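# Here's a sequence, model it:
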Amino acid sequence: MSPAPASRTRRARDIGLDVRAPKQNCDDQHCPFHGRLSIRGQVLEGTVVSTAMQRTAVVERTLLTRVPKYERYEKRRRRYLAHSPPCLGVMVGHKVRIAETRPLSKLVSFCIVEDLGEAAQQVKGEEAIAPEPSLPVKEEA
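Residues are numbered from 1 along each chain as shown. From the prediction side, this is the model:
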């Protein structure tokens with residue numbers, strides 16, 4: 001049997017989660033859509049804070065935990081190293097959905113399965129406010 005022509009696009013396989021398949025193709029063996037990586041376990045959401053490693057991203061989740069003694073809340077964060085398939089094109093600042101897989105290396109046991117877009121940027125001490133839509137100005141003659 002002859003090999004498939006290079007111009008033919010491969011369909012993304014169903015990974016068992018309710019996520020959109022990427023439009024681009026890749027030949028990464030650790031891609032859950034185009035490779036042989038199976039997804040099982042936890043599904044989490046977080047923000048990409050670093051993509052300095054090859055095909056690996058640092059995804060951070062922040063959560064508030066209550067401190068009963070002081071009757072206050074403290075902000076905690078958890079960082080996950082997740083495989084980043086090239087077909088998703090994830091960049092720093094994007095919110096992503098990651099899913100648990102078998103261990104891919106010593107510290108990587110998650111894979112990015114969906115890019116949810118850019119996260120709202122926050123200025124320290126202030127919340128990000130969406131700009132108001134410009135109203136049409138009536139000119140008087």
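# ok, R55 - how many residues close by?
Using other Cβ atoms under 10 Å, R55 has 15 neighbouring residues. In this view, the C-beta of every residue, glycine as well, is placed from N, C-alpha and C.
# I'd like to know how far V108 sits from T56.
6 Å (Cβ to Cβ, to the nearest Å).
# residues of the strand or helix carrying E74 that come out buried?
Using DSSP states H and E, the element containing E74 is strand 72-83. Buried positions in strand 72-83, judged by neighbour count with 16 or more other Cβ atoms under 10 Å: 80-83.
# Looking at the residues you listed, spot the one nearest A99.
Of all the buried residues of strand 72-83, A99 sits closest to A82, with 8.8 Å by Cβ to Cβ.
# contacting residues for that closest one?
For A82, the contact set (Cβ atoms under 8 Å, 6 or more residues apart in numbering) comprises 56-59, 96, 98, 108, 110-112.
# Quick check: it vs P32, distance?
Counting by Cβ to Cβ, the gap from A82 to P32 is 11 Å.
# Report the set of residues contacting both of those two.
Contacts common to A82 and P32, judged by Cβ under 8 Å, 6+ apart, are C111.
# Next, show the common contact partners of V108 and T56.
Listed contacts common to V108 and T56 are 81-83; contacts here mean Cβ under 8 Å, 6+ apart.
# any residues touching stretch 31-39, and which ones?
Counting by Cβ under 8 Å, 6+ apart, 10, 12-13, 15-17, 21-22, 25-30, 83, 85-87, 99-102, 104, 111, 113 sit against stretch 31-39.
# May I see the PyMOL selection of the buried members of those?
Here is the PyMOL command that picks out the buried ones among the contacts of stretch 31-39, judged by 16+ other Cβ under 10 Å:
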select buried, resi 12+15+22+25+26+28+30+83+85+87+99+100+101+104+111+113
